[in-house]
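Enquirer: model the structure of this input:
(chains A and B)
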Amino acid sequence: MSLSLADVEKVARLARLAMNEQELQAAQAQLNNIFGLIAEMQAVDTKGVEPMSHSQDLAQRLREDKVTETDQRAAFQAIAPQVEQGLYLVPQVIE
Amino acid sequence: MTWEIVIGLEVHTQLSTNSKIFSGASTAFGAEPNTQADAVSLALPGVLPVLNKGAVERAIRFGLATGAHIAQRSVFARKNYFYPDLPKGYQISQFDLPVVGQGALTIQVEPLSGNAKPYEKTVRITRAHLEEDAGKSVHGVGGSGGYAVAGGYGIASAYGRGDVTGIDLNRAGTPLLEIVSEPDMCSAAEAVAYAKALHTLVRWIGICDGNMQEGSFRCDVNVSVRKPGQPLGTRREIKNLNSFKFMQQAIDYEVQWQIDTIENGGKVQQATVLFNPDTGETRAMRSKEDAHDYRYFPDPDLLPLEISSDWIEQVRGTLPELPQAKQARYVNDLGLSAYDASILTASREMADFFEAALGDASAQAKICANWIIGEVSAQLNRDGKDMSQCPISAQQLGGMLQRIADGTISNSGAKEVFRTMWAEGGTADAIIEAKGLKQVSDAGAIEKIVDEIMAANADKVAEYRSGKDKLFGFFVGLAMKASKGQANPAQLNDILKKKLAS
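Expert: Okay, the predicted model is just below:
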């Protein structure tokens, strides 16, 4: 499988990356190299092997349901670009 | 021309944990904006999610309550999309390995039209998965909206545009259980019955407070129409319905719109629509390009969730008797009708009240049910209260039922006791004593009264004996009056019948 330039453009758009023609072509070549490696791996027979969801063979540790965080709004909002009335401000979102 | 309606629901229930699903920030509703938005909720660099045991336990409870398979291994995945109320750029959810597998919920459907009878239906639940809620956008902040900062440097100009949106991330990270049904419902009545049954269940098993105004229980409804026997039609999804009434209206409107569109030669396009309660109409949202290309992949920040059989069994041991099991027990062991049983199990508060009032007097089940479904519910309705705010306790009502059962008070006396109890409180015994409501069950005393009225109305007695049966009520009335309404009616009837016949 290889990626078309349109595929790369679409992925870039989904990731909100602005790329010019040259960058798109470079990314296409690099991504296709990776796909080449994946194609090699896919040649391996994996019948009956459960897919891994994580590189470590461990289970998730759980925390007790307790409130441990205190209000640090002032500290967090001191480094935010724009705040008002306790809200973080962003350019208008149209629903 | 008949059409078949096909409906499936996705319900987001906020789980009633104290802290968020992946951090120790509070989930309390109504706090000042962003005071419960910790570093994890804000997606600051370097933070890692740590899963809340309480959220997982609630998911297990739900799975057990719907007879579903609980996955001993499930996986969290990233659902990628950009929106300001989701600062990470992805929502942590579950995709191909959800915590709860296929289950089912049996519902009682009250048809909305005409004389159709209520019926039972089982709706299959495809899956239920854990995920985090997003934050909230507050529109109309700043600029012309009155939030402008003094000194000429208005918020509106900060981004060089007309308006801004405020973001409150208190809700971000609140645990959700998204419950997805199969498209098993074929009318608005069935969809509403399913949503209501689910709403009852999640409160019953204590996993969600069910507060729809606060967004604790939000329904997305997928609707399509087709001709019988044809493949499924294209569906449109009505988003974020937070009242059963709106759900009903939205489905009715949407179904009619789809039928009209097709019959007028048009085609239904797959879309997400919003319901406007003011107009009663559904309207397609501005279609977001690529909106459904979420590029799920397993979240490398979270290891697989493993749930041991021991844990599942331990949770099973803490589950209360479920509404359906209770209904069956009320019908089979207590002899109640299916209708009474379903009303008494509409909420856990109602069922608890019934059982506490009844105590071990199972023979009184029907009369106890009648009082709760009748007088208690009617009075609560009139006062605009729910069961948890009932001014009389189950013990008070139970005390009164005992006095009805042992013949101390008549039904009309009981009504008086009930009114007094409701308004002024007090035990049944104290009220009976204070108001002199104790009925006369002394056979000798009643016989004396009957003898007296028969002697005083010898002509009527003669008429009765010559076949004018209708006069029986006349004698009952006189005797009751003579006893100041306190004669035990059943006993009075017996004695009168005997004496008049002899």
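
Enquirer: B:A250: what secondary structure?
Expert: Here B:A250 is recorded as helix under DSSP: H, G, I helix; E, B strand; the rest coil.

Enquirer: from chain A, how far off is it?
Expert: In this structure, B:A250 and chain A are separated by 17 Å, where distance is defined by C-beta to the nearest C-beta, to the nearest Å. Placement of C-beta: from N, CA and C, glycine included.

Enquirer: what of B:V273?
Expert: With distances defined as C-beta to the nearest C-beta, the gap from B:V273 to chain A amounts to 13 Å.

Enquirer: what's around residue 85, how many residues?
Expert: Using chain A. By the criterion of other C-beta atoms under 10 Å in any protein chain shown, A:Q85 has 15 neighbours.

Enquirer: my bad, the chain I had in mind was chain B
Expert: Burial of B:D85, expressed as a neighbour count using other C-beta under 10 Å, amounts to 19.

Enquirer: quick one, what contacts it?
Expert: For B:D85, the residues meeting the contact criterion (C-beta atoms under 8 Å, 6 or more residues apart in numbering or on different chains) are B:134-137, B:167, B:169, B:172.

Enquirer: which helix or strand contains B:T122?
Expert: Element membership for B:T122 (DSSP states H and E) is strand B:119-132.

Enquirer: can I get that strand as CSV, trimmed to CA atoms?
Expert: Presented in CSV, the C-alpha positions along strand B:119-132 are these (Å, rounded to 0.1, in the frame of the first residue of the first chain):
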residue,chain,number,x,y,z
TYR,B,119,-46.9,-4.3,26.2
GLU,B,120,-43.5,-5.6,27.2
LYS,B,121,-40.4,-5.5,24.9
THR,B,122,-36.8,-6.4,25.3
VAL,B,123,-34.3,-4.0,23.8
ARG,B,124,-30.8,-5.3,23.2
ILE,B,125,-27.9,-3.2,24.4
THR,B,126,-25.0,-3.4,22.0
ARG,B,127,-22.3,-2.3,24.4
ALA,B,128,-21.4,0.2,27.1
HIS,B,129,-18.1,1.9,27.3
LEU,B,130,-16.2,4.3,29.6
GLU,B,131,-15.1,7.7,28.4
GLU,B,132,-14.4,11.2,29.6
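
Enquirer: hmm, who's touching the longest helix belonging to chain A?
Expert: Ordering each helix of chain A by length in residues (DSSP state H) puts helix A:21-42 first. Contacts of helix A:21-42 with the rest of the structure, by C-beta under 8 Å, 6+ apart, involve A:1-5, A:8-9, A:12, A:19.

Enquirer: repeat that for stretch B:394-405.
Expert: For stretch B:394-405, the surrounding residues in contact (C-beta under 8 Å, 6+ apart) are B:352-359, B:361, B:363-364, B:367-368, B:371-372, B:376, B:409, B:411, B:414, B:417-418, B:421, B:425-429, B:432.

Enquirer: centroid-wise, who is the farthest residue in chain A?
Expert: A:Q85 (31.1 Å; C-alpha atoms, centre = their mean).

Enquirer: could you give me the PyMOL syntax to select whichever of the contacts of stretch B:394-405 are buried?
Expert: Selecting only the buried entries of the contacts of stretch B:394-405 in PyMOL, with 16 or more other C-beta atoms under 10 Å in any protein chain shown as the criterion:
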select buried, chain B and resi 353+354+355+357+358+364+367+368+371+372+376+409+414+417+418+421+426+427+428+432
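
Enquirer: whichever residue of the stretch 151-300 of chain B sits closest to chain A in helix, strand or coil?
Expert: Of the stretch 151-300 of chain B, the residue with the smallest distance to chain A, taken as C-beta to the nearest C-beta, is B:G166 at 3.1 Å. Of the three states, B:G166 takes strand under three-state DSSP.

Enquirer: what about A:E69, distance to chain B?
Expert: Taking C-beta to the nearest C-beta as the measure, A:E69 falls 4 Å from chain B.

Enquirer: lowest pLDDT pick from the contacts of helix A:21-42?
Expert: Of all the contacts of helix A:21-42, the model is least confident about A:M1, whose pLDDT is 67.

Enquirer: secondary structure element holding the spatially most central residue of chain B?
Expert: In chain B, the residue lying closest to the centroid (C-alpha atoms, centre = their mean) is B:T200, at 3.7 Å. Using DSSP H and E, B:T200 maps to helix B:188-204.

Enquirer: can you give me how far that helix is from the chain middle?
Expert: Averaging C-alpha positions (C-alpha atoms, centre = their mean, to the nearest Å) puts helix B:188-204 7 Å from its chain's average.

Enquirer: mean confidence for it?
Expert: The pLDDT scores in helix B:188-204 average 96.

Enquirer: cool, stretch B:457-467 as well?
Expert: In this model, stretch B:457-467 has a mean pLDDT of 87.

Enquirer: in its sheet, what does the following helix or strand past the helix holding B:T200 sit against?
Expert: Once the chain leaves helix B:188-204, the next helix or strand it forms, by DSSP H and E, is strand B:217-226. Next to strand B:217-226 in the sheet, as set by DSSP bridges, lie strand B:4-14 (antiparallel), strand B:236-241 (antiparallel).

Enquirer: could you list the low-pLDDT ranges of chain B?
Expert: B:1, B:114, B:141-162, B:286-291 (pLDDT under 70).

Enquirer: any idea of the angle the longest strand along chain A forms with strand B:164-168?
Expert: As assigned by DSSP state E, the longest strand anywhere in chain A is strand A:87-91. Angle, strand A:87-91 to strand B:164-168, by axes from the mean of the first three to the mean of the last three C-alpha atoms, to 10 degrees: 140 degrees.

Enquirer: off-centre distance for strand A:87-91?
Expert: Average the C-alpha atoms of strand A:87-91, do the same for its chain, and the two points are 23 Å apart (C-alpha atoms, centre = their mean).

Enquirer: drop anything exposed from the contacts of helix A:21-42.
Expert: When neighbours are counted using 16+ other C-beta under 10 Å, the contacts of helix A:21-42 contain these buried positions: A:3, A:8-9, A:19.

Enquirer: can you show me the CA trace of whatever helix or strand comes next after the strand holding B:T122 as PDB?
Expert: Past strand B:119-132, further along toward the C-terminus, the next helix or strand under DSSP H and E is strand B:136-141. As requested, C-alpha coordinates have been extracted for strand B:136-141 and formatted as PDB (Å, rounded to 0.1, in the frame of the first residue of the first chain):
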ATOM      1  CA  LYS B 136     -18.400  23.400  28.200                       C
ATOM      2  CA  SER B 137     -18.400  26.300  25.800                       C
ATOM      3  CA  VAL B 138     -20.000  29.500  27.000                       C
ATOM      4  CA  HIS B 139     -21.100  31.500  24.000                       C
ATOM      5  CA  GLY B 140     -21.700  35.200  23.800                       C
ATOM      6  CA  VAL B 141     -18.900  36.200  26.200                       C
END
